[in-house]
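Participant: Need a 3D model of the sequence below.
(one chain, ligands or ions: 1)
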Amino acid sequence: MILGHEKCSFLHLPTPIDYMKNVSEDLGINLYLKRDDLTCLGVGGNKLRKLEYLLKDAKNKGATMLLTVGGAQTNHGRLTAAVATKHGMKAAIVAVDPYPGEISANLLLDGIMGCPVYLVKSDGSRPDSEVEAEAVKKVTEEWEAKGEKVYFIPTGGSNEIGMLGYYDCALELAGQIREMGLEDTRVVSTVGSFGTYMGLAVGQRLENLPFRLTGIGISPKDGGLKNYAAEYYQRIKAFYGLKEEMGPDDFDVTSDYDRGAYNNPVKEVREAIYYMGRREAIILDPCYTGKTFAGICEMVKEGKIRKGENVVMLHTGGLPGIYTKHHRVEFEKELEGYIHII
Ligand SMILES: *Cc1c(COP(=O)(O)O)cnc(C)c1O
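Facilitator: So this is what the prediction gives:
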């Protein structure tokens with residue numbers, strides 16, 4: 001139980017921490033991966049830890065259906081579908097996105113698990129958030145008219161309750177770091193909708209855990225990442241009645257490696273993916289983990305991560321992302337030479 005909240009425990013925890021021997025030797029650091037990509041449902045990923053808490057809350061409220069939002073290729077939507085399926089509930093995803101022209105990657109997995117995806121095209125005249133809210137209302141009404149009780153989960157499951165999954169993970173990491181005898185460790189987390197990073201940051205702070213935390217942003221945010229983190233913390237503080245103050249400078253989050261946009265194809269990110277794949281046989285994704293690892297490599301080059309430092313990168317999953325059309329075509333062009341017809 002964390003901050004007075006219970007969860008539905010459906011994961012096999014702790015997830016392992018693996019040493020990346022070859023990359024560590026190359027970079028002159030000790031790089032470990034915390035394998036949250038190996039969580040058990042729907043191909044795995046970080047959203048499952050949040051969903052352990054969100055599912056419990058949904059069940060407490062008598063819900064029969066989980067409804068969430070994101071891009072058409074949302075990993076979080078896929079994992080929401082997985083959790084609903086496994087626990088006898090319905091799920092649906094609403095995305096303000098055009099039809100990508102094919103049913104691939106996460107969309108394909110959503111369909112396999114029987115989860116409808118509602119795509120809404122924005123005409124650009126209104127903010128996407130408005131278009132999304134309207135679509136959510138419409139889909140909710142449709143399902144409630146059929147007798148379902150809908151529980152809404154915001155983007156990435158990143159609210160006051162979802163972040164508890166990573167508060168848990170901060171405690172889990174601290175235990176593993178102690179057991180492994182890793183001193184002065186830096187944990188690196190990808191920052192998207194912020195729930196993962198915030199759970200780790202708040203857990204680290206409130207429980208006084210023995211690691212430092214760096215967040216690498218994968219998309220720009222108006223007002224900056226530190227301010228966003230501080231606002232999110234205010235919501236958490238009010239929700240749980242916490243005393244601890246945390247302001248923008250308490251959050252080590254950087255937008256230096258976001259490559260300018262969300263989920264964009266970037267050559268340097270693909271190169272980081274090839275590098276990890278060819279040295280460690282670990283597959284990263286082009287939207288989140290590949291960008292983060294490319295950022296770590298740059299931080300080492302810039303001296304922001306010291307030689308010899310212990311670094312634990314959270315592998316948050318996201319594998320289906322490599323099969324998204326706009327990424328796949330780039331991979332295919334670059335990897336053509338690996339196919340030999342003899
Ligand atoms: C959602 C997601 C993230 C980012 O987590 P947030 O809690 O949204 O910041 C990182 N990696 C993958 C693969 C994700 O799907």
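Participant: Show me which residues of the stretch 1-150 of the chain are close to the ligand?
Facilitator: Residues of the stretch 1-150 of the chain found near the ligand, taking C-beta under 6 Å from any ligand atom as the criterion, are 45-47, 75-76. (Glycine included, C-beta is placed from N, CA and C.)
Participant: Let me have these in JSON lines, extended by distance to Ala272, neighbour count and pLDDT.
Facilitator: Listed next are these as JSON lines, based on distance: C-beta to C-beta, whole Å; neighbours: other C-beta atoms under 10 Å; pLDDT from 0 to 100:
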{"residue": "Gly45", "distance to Ala272": "19", "neighbour count": "27", "pLDDT": "98"}
{"residue": "Asn46", "distance to Ala272": "19", "neighbour count": "31", "pLDDT": "98"}
{"residue": "Lys47", "distance to Ala272": "22", "neighbour count": "35", "pLDDT": "98"}
{"residue": "Asn75", "distance to Ala272": "19", "neighbour count": "29", "pLDDT": "98"}
{"residue": "His76", "distance to Ala272": "23", "neighbour count": "29", "pLDDT": "98"}
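Participant: Relative to the ligand, which of those residues is nearest.
Facilitator: For the ligand, the closest of these turns out to be Asn75, at 3.3 Å, with distances computed as C-beta to the nearest ligand atom.
Participant: Tell me the spacing between the closest one and Val311.
Facilitator: Asn75 sits 23 Å away from Val311, going by C-beta to C-beta, to the nearest Å.
Participant: how far away is Lys137 from the ligand?
Facilitator: Counting by C-beta to the nearest ligand atom, to the nearest Å, the separation of Lys137 from the ligand is 23 Å.
Participant: State the helix or strand in which that residue lies.
Facilitator: Under the criterion of DSSP states H and E, Lys137 resides in helix 128-145.
Participant: For that helix, give me every contacting residue.
Facilitator: 65, 67, 69, 90, 92, 94, 96, 118, 120, 122, 150, 152 (C-beta atoms under 8 Å, 6 or more residues apart in numbering).
Participant: In JSON lines, list those along with pLDDT, secondary structure and neighbour count.
Facilitator: Formatted as JSON lines, those follow (pLDDT from 0 to 100; DSSP: H, G, I helix; E, B strand; the rest coil; neighbours: other C-beta atoms under 10 Å):
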{"residue": "Met65", "pLDDT": "98", "secondary structure": "strand", "neighbour count": "20"}
{"residue": "Leu67", "pLDDT": "98", "secondary structure": "strand", "neighbour count": "23"}
{"residue": "Val69", "pLDDT": "98", "secondary structure": "strand", "neighbour count": "26"}
{"residue": "Lys90", "pLDDT": "98", "secondary structure": "strand", "neighbour count": "19"}
{"residue": "Ala92", "pLDDT": "98", "secondary structure": "strand", "neighbour count": "25"}
{"residue": "Val94", "pLDDT": "98", "secondary structure": "strand", "neighbour count": "27"}
{"residue": "Val96", "pLDDT": "97", "secondary structure": "strand", "neighbour count": "22"}
{"residue": "Tyr118", "pLDDT": "98", "secondary structure": "strand", "neighbour count": "16"}
{"residue": "Val120", "pLDDT": "97", "secondary structure": "strand", "neighbour count": "17"}
{"residue": "Ser122", "pLDDT": "90", "secondary structure": "coil", "neighbour count": "15"}
{"residue": "Val150", "pLDDT": "98", "secondary structure": "strand", "neighbour count": "20"}
{"residue": "Phe152", "pLDDT": "98", "secondary structure": "strand", "neighbour count": "16"}
